[in-house]
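Asker: mind looking at a prediction? Sequence and model below.
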Amino acid sequence: MTRFTCLWFWCAFLVLSVVPQWIQYPPDGHATMTHYTMPSNYIAACGCTTDSEKYPTAAMSQYAFGSSTSYGPGCGRCFNLTLLNTFMSNPPFYPSVTKSVVVKVTDLCPLGGAGWCSATANKPNAGGAYINFDLMYPSSAIPDNFFPSNASYYGYTDFGVWNVSYQAVSCTEWSGYKNAAALGSVTSLGSGACCPANPTDSTNDTCPSYSQQNGIPPDTHTNWAYPTSIPYISWLSVLGGLFLSL
Ligand SMILES: *[C@@H]1O[C@H](CO)[C@@H](O)[C@H](O)[C@H]1NC(C)=O
Ligand SMILES: *[C@@H]1O[C@H](CO)[C@@H](O)[C@H](O)[C@H]1NC(C)=O
Ligand SMILES: *[C@@H]1O[C@H](CO)[C@@H](O)[C@H](O)[C@H]1NC(C)=O
Ligand SMILES: *[C@@H]1O[C@H](CO)[C@@H](O)[C@H](O)[C@H]1NC(C)=O
């Protein structure tokens, strides 16, 4: 009986250790923001219409996005992002002006690379944030002087990464909301795309996790130099299970 209980716990641990620990984030808080360029008319992970790119869009870090490939519950959501300060520069830069932009999430920012999108549920990124918004920029929808700078002091204008505050907002606040062509998914991808016009968290109008639906485990491979917790938990539970079943 004892032996059975231990084996049962071992199995439960093993199952838990492969279930994606997607990040459940509050509707407002702090995040980091980077930026990336997207070729025009490119269809990003959510499969949103290419007209959406005529308005401010962003990719969201994988574990907050909620899928390791294709669409996820982050797709279509809108956030008001406000630039607070830089922190990789020496010294940090606190602009005197406050700039905000309302973005729609159209893309996945995968784990790896410089690590800004590599936060997991128990490990923030190097800015202490659990969410990174990778802003599509330059963009015809965002002024070229959107990012404040102080070139005479720093000798460069692009700080690369910013500390921002975010607020989940209704997509009716997004500048693309008035253009029907900028809303919804491309038809050519069929059920492989999911880009709600204004997701509300209800399962009726919010994308499910493509990874979870298709049994794809979270891709915890990252170039970032820290051990991810998931393989660590697996090894612990394997060792614990072996120990308990002896
Ligand atoms: C976005 O945040 C800024 C700064 O808090 C605020 O002034 C602005 O009204 C907000 N915009 C929306 C659409 O919520
Ligand atoms: C981001 O801003 C918040 C609010 O000012 C602050 O508490 C936090 O330390 C800042 N984070 C970084 C990495 O600068
Ligand atoms: C640039 O930074 C220097 C040093 O912090 C400061 O004295 C100057 O006022 C800043 N200029 C602008 C435009 O922010
Ligand atoms: C979702 O849609 C179903 C069927 O149309 C409806 O019965 C249900 O109330 C909806 N749920 C929410 C939370 O809107």
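Answerer: That came in fine, so what should we check first? Numbering: from 1, shown residues only. Ligands and ions are numbered 1, 2, ... in the order given.

Asker: get me the contact residues on this protein for ligand 2.
Answerer: Contact residues, the chain versus ligand 2 (Cβ under 6 Å from any ligand atom): 30, 84-85, 87, 127-128, 163. In this view, the C-beta of every residue, glycine as well, is placed from N, C-alpha and C.

Asker: scan the residues you listed and report the most crowded one.
Answerer: Gly127 (22 neighbours; other Cβ atoms under 10 Å).

Asker: isn't Gln167 right up against Pro27?
Answerer: Yes: look at Gln167 against Pro27 with Cβ atoms under 8 Å: they come within range, at 6.9 Å.

Asker: neighbour count winner among the two?
Answerer: Gln167 (15 against 10).

Asker: quick check on the more buried one: phi, psi?
Answerer: Main-chain torsions, Gln167, degrees, to the nearest 10: phi -140, psi 130.

Asker: any weak-confidence spans in the chain?
Answerer: 1-20, 113-114, 220-246 (pLDDT under 70).

Asker: let's see that with 80 instead.
Answerer: 1-20, 113-114, 217-246 (pLDDT under 80).

Asker: which residue ranges of the protein form strands?
Answerer: With DSSP state E as the criterion, the chain has strands at 28-36, 57-61, 78-85, 100-109, 132-136, 162-169.

Asker: out of the ones you listed, deepest packed?
Answerer: Neighbour counts (mean count of other Cβ atoms under 10 Å) averaged over each of the strands of the chain peak at strand 57-61, with a mean of 27.

Asker: which strands and helices lie in contact with that strand?
Answerer: Packing partners of strand 57-61 (3 or more Cβ pairs under 8 Å, 6 or more residues apart in numbering; DSSP states H and E): strand 100-109, strand 132-136.

Asker: from ligand 2, how far out is Ser89?
Answerer: When distance is defined by Cβ to the nearest ligand atom, to the nearest Å, Ser89 is 11 Å away from ligand 2.

Asker: could you pull out the helices in the protein for me?
Answerer: Along the chain, counting by DSSP state H, helices occupy 2-18, 62-65, 151-154, 210-213, 229-245.

Asker: what comes up buried for the third one?
Answerer: So the one you mean is helix 151-154. By 16 or more other Cβ atoms under 10 Å, helix 151-154 has no buried positions at all.

Asker: now could you export just the CA positions of it as CSV?
Answerer: In CSV, the C-alpha atoms belonging to helix 151-154 read as follows (Å, rounded to 0.1, in the frame of the first residue of the first chain):
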residue,chain,number,x,y,z
ALA,A,151,22.3,61.2,-27.7
SER,A,152,24.5,64.0,-26.5
TYR,A,153,25.0,62.2,-23.2
TYR,A,154,24.9,58.5,-24.1
